[in-house]
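**Q** Need the 3D shape of this:
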Amino acid sequence: MTYATTNPYTGEVLKTFPDATDIEINKAIEDANTAFLAWKSTSFAERAKIMHKAADLLRKNIDDYAKLLTLEMGKITGEAKAEVELSAAIFEYYAVNAEKLLAPEKLVVADPAEGDAVIVHDPLGVLLAVEPWNFPYYQVARIIAPQLSAGNTMLLKHAGIVPQSAAACEKLMLEAGLPKGVFQNLYAAHSQTELIINHPLVRGVALTGSEGAGAIIASTAGKALKKSTLELGGADAFVVLADAEMEKTINWAVFGRHWNGGQVCVSSKRMIIADEVYDEFLEGYTKGVAELRAGDPFDPATTLAPLSSQSAADDLKEKIKEAIKLGAKATEVGPKVPTQGAFVQPTILTDIGEDNPARDWEFFGPVSMIFRAKDEEDAIRIANDSPFGLGGSVFTSDPQHGFEVAKKISTGMVFVNHPTMVKADLPFGGVRRSGYGRELLGLGIKEFVNHKLIDVVDINAPF
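**A** This is a model prediction of the structure:
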């Protein structure tokens, strides 16, 4: 595997990094375990100081951290700074709340003879985080902030195209005061993930990535009897009911599909529009997409980023061609994107028949699938007719009715009158082929702890 910084706008390879050796990986695991023996006994107050410091450093150096995101994966400047701030907020959230979230829980028992029963939450030990390139800091923050706060130690295998962002994460935590060995970045090859997961000192693995990667990680972890969590792909439904406020809805649709260049697991990939407003929505949405400006991600005027790499752009173009061969109608939208850079022309896919396999695909880039729903019931049916189940949204002028519709959509997250809300104090995760487990909030910090029962019983033996 090659770890390299390649500017997706210029195509220039700026820096490369050698893969870690098996010897280096085994030493990192052993160092992480040694660090765990001390870290697990560190007070919540001391851990919180480090989390607060990490947040402070991110905010203090936001321009430098943001620049690295733009350089490595093409994120436009405003979105890059927003990611840095979100990451800081996550560290801050666990600094304030970790101790409360992991407080011992006294059980209400049915029989006094059962004694005084309490559940305590102990850290498991060394964990592996396998993270993707589309949010190089946020994805890391949302797993290490809770798990380090819980007392675990972490190894990071980041995506090959963001090696400097990965190194920046480790440097950040060391500068924040985290003891050496508690969090380490590894330039591990794909083949070495099995070595890491199977190591007897590693207790679990969290992955955010593709379905294929998830299947491999889950299989490896399962065979090794290790805990795993998976956040995989998504094809989120953007349901527009007949009474939706159209201008607001269209604006959110354009944003919801195209932020981060459309390279978001929870972006609005499937627009499902009530028949009564379908034509109005399609016309307005097409106009809105056409107003996006593709260009240099460092230019403040740019609103549509290049894809993360030329190979990602080429793969997406082939996927569009395949959808067309299978019967979909493709309409390219807006001014022609630059020939320089890993750009894909914004494309709207319509007439995607019930028998077209493309209905079940995740298009990771500026490609929108738009479906006409006969009525509300049909819109819910289409929304649920997906192998994925990550997020989704419902747009209506009646929020309470939107809540009722949201209850009928089978995903891990549904938002009413907003495409998605990614915040430090909201849980994240999905169902079906979108994975299992949750990150953030109390659900996230409790994924990799031992929920241990301690029961103080004071009765005589029966014999």
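**Q** so residue 275 makes contact with residue 376?
**A** No: at 10.3 Å, residue 275 and residue 376 do not qualify as touching, with contact defined as C-beta atoms under 8 Å. The way it works is simple: take the backbone N, C-alpha and C, and place the C-beta from them, glycine included.
**Q** show me the contacts for residue 58.
**A** 65, 84, 85, 87, 88, 91, 137, 172 (C-beta atoms under 8 Å, 6 or more residues apart in numbering).
**Q** shared neighbours of residue 275 and residue 376, anything?
**A** For the pair residue 275 and residue 376, residues contacting each of them under the criterion C-beta under 8 Å, 6+ apart are residue 242.
**Q** Would you mind telling me which of these two has more residues around it?
**A** With other C-beta atoms under 10 Å as the criterion, residue 275 and residue 376 differ in neighbour count, and residue 376 comes out ahead with 17 against 13.
**Q** List the residues that contact that one.
**A** 241, 242, 274, 405.
**Q** now the third one, nearest residue through space, not along the chain?
**A** The shortest distance from residue 274 to any residue other than its chain neighbours is 4.2 Å, reached at residue 242 (C-beta to C-beta, 6 or more residues apart in numbering).
**Q** surely that neighbour meets residue 280?
**A** No: taking contact to mean C-beta under 8 Å, the distance of 10.4 Å between residue 242 and residue 280 leaves them out of contact.
**Q** Does residue 8 fall in a helix, a strand, or a coil region?
**A** coil (DSSP: H, G, I helix; E, B strand; the rest coil).
**Q** since we're on it, how many residues are nearby?
**A** Burial of residue 8 is recorded as 26 neighbouring residues (other C-beta under 10 Å).
**Q** And the pLDDT at it?
**A** According to the per-residue confidence, residue 8 scores 97 in pLDDT.
**Q** So it versus residue 72, what's the distance?
**A** Between residue 8 and residue 72 the distance, using C-beta to C-beta, to the nearest Å, works out to 8 Å.
**Q** Next, count neighbours for the closest residue in space to residue 373 that isn't next to it in sequence.
**A** Residue nearest to residue 373 in three dimensions, not counting chain neighbours: residue 379, with 3.7 Å by C-beta to C-beta, 6+ apart. Each residue near residue 379 was counted by other C-beta under 10 Å, and the total is 26.
**Q** pretty sure residue 379 is in contact with residue 238, am I right?
**A** No: the pair residue 379 and residue 238 does not pass the contact test of C-beta under 8 Å, sitting 10.3 Å apart.
**Q** what residue ranges in the protein score low on pLDDT?
**A** Within the chain, the stretches with pLDDT under 70 are 1.
**Q** how does it divide into domains?
**A** The record's domain parsing of the chain by automatic domain parsing lists 3-233+425-454, 237-416.
**Q** okay if I get those as TSV plus distance to residue 462?
**A** Conversion of the domains of the chain to TSV gives the following (distance: least, C-beta to C-beta, whole Å):
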stretch	distance to residue 462
domain 3-233+425-454	11
domain 237-416	47
